[in-house]
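Q: Mind folding the following:
(chains A and B)
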Protein chains: 2
Amino acid sequence: MGFSLMRNQKFMPAIKHLLIISIAINAGLLLKLLHDGHEWAVEPGPEPNGKNEVRVVKNVFPEPKPANGVQNLSRATDQYIHLDRGDPTMYEIYWKQMGDKTTLVLSGWQSISYFSDTENQCWFLEPGFANAVTRLHNLVGNAQTRDYHIVVGTGSTQLFQAALYALCPPNAPEPMSIVCASPFYSSYPLIIDCLKSGLYKWKGDASKFNKDEPYIELVTSPNNPDGSIRRAVVNGSGGILVHDLAYYWPQYTPISFQADHDIMLFTVSKCTGHAGIRIGWALVKDKEVAKKMTKFIEISSIGVSKDSQLRAAKILDVIADTYEQTQKFDKATPFFHYGFNEMAKRWRQLRSAVSKGQTFSLPDFPVEKCNFSGQTFGTQPAFAWLKCEKAVDDCESFLRKHKILTRGGTQFGSSKKYVRISLISHKEEYDEFIQRLSLISSMDTP
Amino acid sequence: MGFSLMRNQKFMPAIKHLLIISIAINAGLLLKLLHDGHEWAVEPGPEPNGKNEVRVVKNVFPEPKPANGVQNLSRATDQYIHLDRGDPTMYEIYWKQMGDKTTLVLSGWQSISYFSDTENQCWFLEPGFANAVTRLHNLVGNAQTRDYHIVVGTGSTQLFQAALYALCPPNAPEPMSIVCASPFYSSYPLIIDCLKSGLYKWKGDASKFNKDEPYIELVTSPNNPDGSIRRAVVNGSGGILVHDLAYYWPQYTPISFQADHDIMLFTVSKCTGHAGIRIGWALVKDKEVAKKMTKFIEISSIGVSKDSQLRAAKILDVIADTYEQTQKFDKATPFFHYGFNEMAKRWRQLRSAVSKGQTFSLPDFPVEKCNFSGQTFGTQPAFAWLKCEKAVDDCESFLRKHKILTRGGTQFGSSKKYVRISLISHKEEYDEFIQRLSLISSMDTP
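A: Modelled structure (predicted):
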C-alpha cells in the first residue's frame, strides 16, 4: 500500500538514493529545528560481543520529559522514584540510537476500514504484523509458530480476557475457576473479577487449588513478579493452561526451548519496550479457540488499532533486520544484545547494592544455555522480587519512606516482606534508585 | 516532541520553506514510485457552497484493495455487496484528496511509556488529542466541553463498557438493568451480556421497561439503526443516561443544539471515517465517573494506543484547519461539507431507487436548521433503515438473494421486515447497490 518508505521493495535504485537524500534533508532540518543543544552525547552502550564499553552515540532527538515527573534525579534526591509499574522506558535510548530506521510514515487515508485481512479469521490482524511476529519468533526460537493461529490484541491484557472468554463454556452452572501459583501478576485478580463475570472467577493460588472441577491455570514464565521459570502446578484433571510468555525473550532469560503450548501470550511492551503502542499477540493452536478469541476482541473493541499494528510490524522487522541484515545497520548493536547487556548491568548494580548489608535479599536463578545467543546465564528479570529481611515487616512502606515507590507483596498473593521493583525504567531513575538502595543497605539499621 | 512537522509552531520561516520543498520532493518521488497509472482522475467533489460539481482531483495515492473483496463491482454484478457493517470507506477518497496534509511521522522511540500525561486523571490521554477533541467540538458546536472530563478509549465500544463499569455499584444484590428503545444498536446486547456480568444485564427495549429499580438507559442520537433523533423514554426514577452521540456530526444531521448530557460518547470512526484507528472519547461531567471509567480502561487494556491518538489528533486538527485556516488548503472542500454533500447525494440516490416501486419504504426525518452550516435539512443517517413492504416478510433474506448483504431487523430488537444498510461504503460499492436496488424496486414483484 506504499505506507512506508523503508519497506517498499519496488524502489528503483536511482530514485531510492534521491529519497534517502530527501529524507536526510528532512531529518537534518528537524534536528536543527528542535533546538537541542546535545548533538553528541557519551552513553554507555554494549557491543555485540557482550562487553560493556563506553561509546559515542549520536543523540539526534531531544530527551522527552520523563514519565512521572522524575527529572534530574541525581540533583533532586527528595523526589519519589516510581518503580511500582513496569514502564519499559529503559529502551527509549536504544530506539533513539536507531534514528530513522524505525520511523513510520502514515498517510491520512490509512486505517479507514475496520478490516485488515478478510481472508484471515482474525480479520483485524494486519498481514505485515503477522509476518513480523512469525519472523521474530523464528529468529529467536522462543516459540513455535507453524500451525498456530495469530490473534492480535490491545496488549496481551485484552488477549488474556479473550482467552478466558474463549475457554469458558457460556452455559456452565458455575463460573470456571482461574488460578495461578503465588506470587502471581497482581493484575490477574483485578482483570478477572472486574465485571463479576458469570463465566469465570479468580480462585487465587494454584498451589492451593485441589477441587475436582474444571479450571484454567495461568502459567507466567519467566514469572511476574519473581522471575522464576514455571510450569503448571495443579495436578487436577480438566485443567486448561494459558501461558503468559511476555518475558520469554533473550534479554531476560535463556531461550532454552521452543515453547509450543496451546495458548501463548506475548506483548510488544516487554519485548521491544513500546508499551504505549498497546499491541500484544497470542499464538493459539486450536482454530476454534482462536476464532472465539477473535470474537471477543470484535465484541469488546471491534478490532485493534491498525496504526499500532503497522508500527509494531516495523519495529519487530527492524529487530530482525539488525540480526539478518547487519550491513544495513552500520555496526549498531542488535536489539536483544543491547537489552541483554543492559539487564545484566542493572542486575549487577542491584546485587551489589543489596550485598552491602543484611537488610535485603534477592532470589537466585538457575543458569542455562541460551539457544539464541549461545551464552550461558541466569534469568535477569524485568522485575526484582526484593525481600526485606530482619525487622522490616512491610517492605513497601519501608522503601516508601526513602521515596522509592514499589508494589507490595500482598498484591501478588504473597507477604509484605516482599516488593516488586521495576528494573526497566529510565537509566537516570534506575541509577538514583541504586544509589538510594546502596545507602539504605549499607546503613544496615532499618 | 517533534513528531509532526505540520503542528510544530516554532519553525523559523526560512527553514519551514525548505521543509515544504523537501516534503514536496518526497511526495513527488513517492508518486513516481507508486507506478500508479491514474495520475489524474475525475471525481465528483462538492464545493464549500454546497453545490455538487465535477472537479479534477489529483489522485496521488494508489487505490487500496476494497474491503471484503469487492472489486470492479460494475463489471462483476455476481459478487456480494457487504453493507451489513458500517465500514466508513466512503471517506477514503476525501483523505486521499488531502494528500500529505494529514500524514503523520512517528519516530521509533515514541510510544515507549504507558503514560501520556501524569497530571491528568486519565493518564493515558495524549494532551494533543484532548486539545483536538475540544477544538473540534467548539468549532462544530455539537457538545459542551467546558467543565467536562475527557476519557479516551479503544473506540467508543470500550468507553461504553467503561461507562457501565463506572455507573453500576460493585456490590448491588442484582445486576443493573440496561435498556435502550427499540430499534437499538445490535451490538449493545452482545457487549453487555458477553461476560455474563454480575454488575449489569441487558433488559431490552426501554419502552417496555417499567420496573421500579435502578437502570441505565442508552440514548443513541441520531439513532443506529434508524437515524431518529432521540431522548430518554423510560419514565422511572433512579435512571442514569448514557448518550451515544457517534453520529451527532453535521454530515449526518443538523446540529440543532449543543449537547450537555452527563456522559456523551463519540468515536473517530463515524466522525472522520477512520474506523481502523480504534479511537473514541467520552465527555463526562462527573469527575468520579470519569475516574472509574479511566480505571476500567486501565484494567482492561492498560490504556489506549498512543500512535492512534496522535494520528486522530492530527486528523481532527486538520478538519478544524480546513475551516479556520482556509488559506492553507488551496480551496479544498472543508471536511464536514464534503461529508454532508456525499450523504445528501447518497440519500437522493437511495430514495430515488426506492420510489421506483412499492417494494421498499424508508423513514422520513424532520427538517431542522443546522447551527454549524446554517443549512436547513433533514437527518441523512449513515444507515438506511429499509422496510420491505407487501409480501416480503424477511427483508434480509430477500436482499441476500440479490447478493446484497444487510443486517436484519431482529438483531436490532425489531421485525424481520426491516434491514439496516450501510450508506458509507466505497462509492463503487454503493453505486452498484443502488443499481441493484433500483432494478428490484422497479420489478415490483417480490
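Q: So A:Ala312 sits against A:Asn131, correct?
A: No - counting by CB atoms under 8 Å, A:Ala312 does not reach A:Asn131; the two are 11.5 Å apart. All C-beta spots, glycine's among them, are computed from the backbone N, C-alpha and C.
Q: Between the two, which is the more surrounded one?
A: Applying other CB atoms under 10 Å in any protein chain shown to A:Ala312 and A:Asn131 shows that A:Ala312 carries more neighbours, namely 30 against 14.
Q: how far away is that one from chain B?
A: Plainly put, A:Ala312 is 9 Å away from chain B if you go by CB to the nearest CB, to the nearest Å.
Q: three-state assignment of that residue?
A: helix (DSSP: H, G, I helix; E, B strand; the rest coil).
Q: Count the neighbours of the residue nearest to it when sequence neighbours are not counted for me.
A: Leaving aside its chain neighbours, A:Ala312 sits nearest to A:Ile279 (4.5 Å; criterion: CB to CB, 6 or more residues apart in numbering or on different chains). By other CB under 10 Å, the residues close to A:Ile279 number 35.
Q: Low-confidence stretches in the stretch 301-446 of chain A?
A: A:444-446 (pLDDT under 70).
Q: Whether the helix or strand hosting A:Asp431 contacts chain B - can you check?
A: If you go by DSSP states H and E, A:Asp431 is part of helix A:427-443. No - Helix A:427-443 stays clear of chain B (CB under 8 Å from any CB of the partner chain), getting no nearer than 11.6 Å.
Q: List the buried residues for that helix?
A: By neighbour count with 16 or more other CB atoms under 10 Å in any protein chain shown, helix A:427-443 contains the buried residues A:427-430, A:432-434, A:436-438, A:440-441.
Q: Now do it: distance to the chain's middle.
A: Its chain's C-alpha centre and that of helix A:427-443 lie 24 Å apart, by CA atoms, centre = their mean, to the nearest Å.
Q: Hmm, A:Thr102 is touching B:Ser107, no?
A: Yes - between A:Thr102 and B:Ser107 there is a contact at 7.4 Å, judged by CB under 8 Å.
Q: helices and strands around the helix holding A:Asp431, which ones?
A: Under the contact definition 3 or more CB pairs under 8 Å, 6 or more residues apart in numbering or on different chains; DSSP states H and E, helix A:427-443 sits against strand A:81-82, helix A:335-354, strand A:404-405.
Q: ok, now with 6 Å
A: When contacts are defined as 3 or more CB pairs under 6 Å, 6 or more residues apart in numbering or on different chains; DSSP states H and E, helix A:427-443 sits against strand A:81-82, helix A:335-354.
Q: Next, the contact list for A:Tyr188, please.
A: Contacts for A:Tyr188 (CB atoms under 6 Å, 6 or more residues apart in numbering or on different chains) come out as A:Cys180.
Q: Look up the pLDDT of it for me, please.
A: pLDDT for A:Tyr188: 98.
Q: what does the stretch 201-350 of chain A have sitting close to chain B?
A: Neighbours of chain B within the stretch 201-350 of chain A, by CB under 6 Å from any CB of the partner chain: A:273-278, A:299, A:301-302, A:305-308, A:311.
Q: which pair in the residues you listed spans the largest distance?
A: Farthest-apart pair in those is A:Gly273 and A:Ile299; separation 30.2 Å (CB to CB).
Q: all helices of the stretch 101-250 of chain A, in order?
A: Per DSSP state H, counting those that start in this stretch, the stretch 101-250 of chain A carries helices over the ranges A:127-140, A:155-167, A:187-193.
Q: Quick check: which of those is buried the most?
A: helix A:155-167 (a mean of 26; mean count of other CB atoms under 10 Å in any protein chain shown).
Q: How about that helix and chain B, any contact?
A: Yes - Helix A:155-167 is in contact with chain B by CB under 6 Å from any CB, via A:155, A:157-158.
Q: number of nearby residues for A:Ser228?
A: When neighbours are counted by other CB under 10 Å, A:Ser228 comes out with 18.
Q: contacting residues around the residue nearest to it when sequence neighbours are not counted?
A: Leaving aside its chain neighbours, A:Ser228 sits nearest to A:Pro222 (6.8 Å; criterion: CB to CB, 6+ apart). Neighbouring residues of A:Pro222 by CB under 6 Å, 6+ apart: A:229, A:247, A:252-253, A:379, A:381.
Q: and of the residues you listed, the nearest to chain B?
A: Among these, A:Tyr247 lies closest to chain B (CB to the nearest CB), at 15.7 Å.
Q: Could you tell me which residues make contact with the closest one?
A: Taking CB under 6 Å, 6+ apart, we find A:Tyr247 in contact with A:222, A:270, A:382.
Q: Quick check on the first one: phi, psi?
A: So the one you mean is A:Pro222. Main-chain dihedrals, A:Pro222, degrees, to the nearest 10: phi -60, psi 150.
Q: Packing partners of the strand or helix carrying A:Glu298?
A: If you go by DSSP H and E, A:Glu298 is part of helix A:287-301. When contacts are defined as 3+ CB pairs under 6 Å, 6+ apart, helix A:287-301 sits against strand A:149-153, helix A:155-167, helix B:155-167.
Q: make it 8 Å
A: Counting contacts by 3+ CB pairs under 8 Å, 6+ apart, helix A:287-301 is packed against strand A:149-153, helix A:155-167, strand A:280-284, helix B:155-167, helix B:187-193.
Q: per-residue confidence for A:Val57?
A: At A:Val57, the pLDDT value in this model is 28.
Q: Give the intersection of the neighbour lists for A:Thr102 and B:Ser107.
A: Contact criterion CB atoms under 8 Å, 6 or more residues apart in numbering or on different chains; residues shared by A:Thr102 and B:Ser107: A:Trp95.
Q: picking up where we left off before, can I get the helices and strands packed on helix A:427-443 in CSV with mean neighbour count?
A: Listed next are the helices and strands packed on helix A:427-443 as CSV, based on neighbours: other CB atoms under 10 Å in any protein chain shown:
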stretch, mean neighbour count
strand A:81-82, 24
helix A:335-354, 21
